[in-house]
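Novice: sequence below, structure please.
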Amino acid sequence: MTLKTRDKLIEVARQLFARKGVENTTMLDIANASEKGRRTIYTYFKNKREIHQAVIEHESDQIVTRQREILGSEESAIQKLRQFMEARFNIIICPTGRRERSDGFQLLMRFDMSRADKTRRMAAKKEIEILRAILDEGMRAGEFSPAQAARAQVMIVTIMKGFDTPGYAPLLDDCHTDLDQARRDLIEFTIAGIKK
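Specialist: Numbers count the residues shown, from 1 in each chain. Modelled structure (predicted):
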């Protein structure tokens, strides 16, 4: 029951933060929208900053959860790498080619950049571990060239970080590049470069 209440508070706060902005959402707003008393909220969270951090961590966990599912699948390492990169790009770029994060993620990040950056770094470390596991699996299975796979990790992380950087997508627009096609090309180029 405790976990359900905490999760409900996080989800309600996420929706309110996305709709109203973090600064304009009060603990009373969260209490009213969740149909819980303020006392209940303060049982789980000391203040709005803490619930905001929980929302960001939840968003990051959702990203990593999908990537762990990919790692645990029965697919080949090549297919896992393809799905890993697609999943990561889907977080950053929606099918129309415009940058997008789920339900106002950028608004959530504005409130406390140092905490948001810490959460992002924690999620990135987990993503790198998953990527490393996929590459290792591919090398063991003979799907990937060991020398190329070793170099690919840094390249893949750099590509993902580049697409994640604010202002990068508009630069591609200036190059008259279809972001969806660019994403597919980068994935296939990477896979072709490390295949045995």
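
Novice: domain ranges for the chain?
Specialist: 1-45, 49-194 (automatic domain parsing).

Novice: now do the contacts for the residue nearest to the spatial centre of the chain.
Specialist: Computing the C-alpha centroid of the chain and ranking residues by CA atoms, centre = their mean puts residue 63 first, at 4.0 Å. With contact set as CB atoms under 8 Å, 6 or more residues apart in numbering, residue 63 has these partners: 87, 88, 91, 123, 127. Every C-beta, even on glycine, is put in place using the N, C-alpha and C of the backbone.

Novice: for the first one, which non-adjacent residue is closest in space?
Specialist: This means residue 87. Setting aside the residues directly before and after it, residue 87 is nearest to residue 66 in space (CB to CB, 6 or more residues apart in numbering), at 5.1 Å.

Novice: contacts for the host helix or strand of residue 151, please.
Specialist: Assigning secondary structure by DSSP states H and E places residue 151 in helix 146-164. Under the contact criterion CB under 8 Å, 6+ apart, helix 146-164 has outside partners 85, 88-89, 92-93, 124, 127-128, 131-132, 135-136, 138-139, 144, 168-169, 183, 186, 190, 193-194.

Novice: so how far is the helix or strand encompassing residue 63 from its chain's centroid?
Specialist: Assessed by DSSP H and E, residue 63 sits inside helix 48-72. Centre-to-centre, helix 48-72 and its host chain are 7 Å apart (CA atoms, centre = their mean, to the nearest Å).
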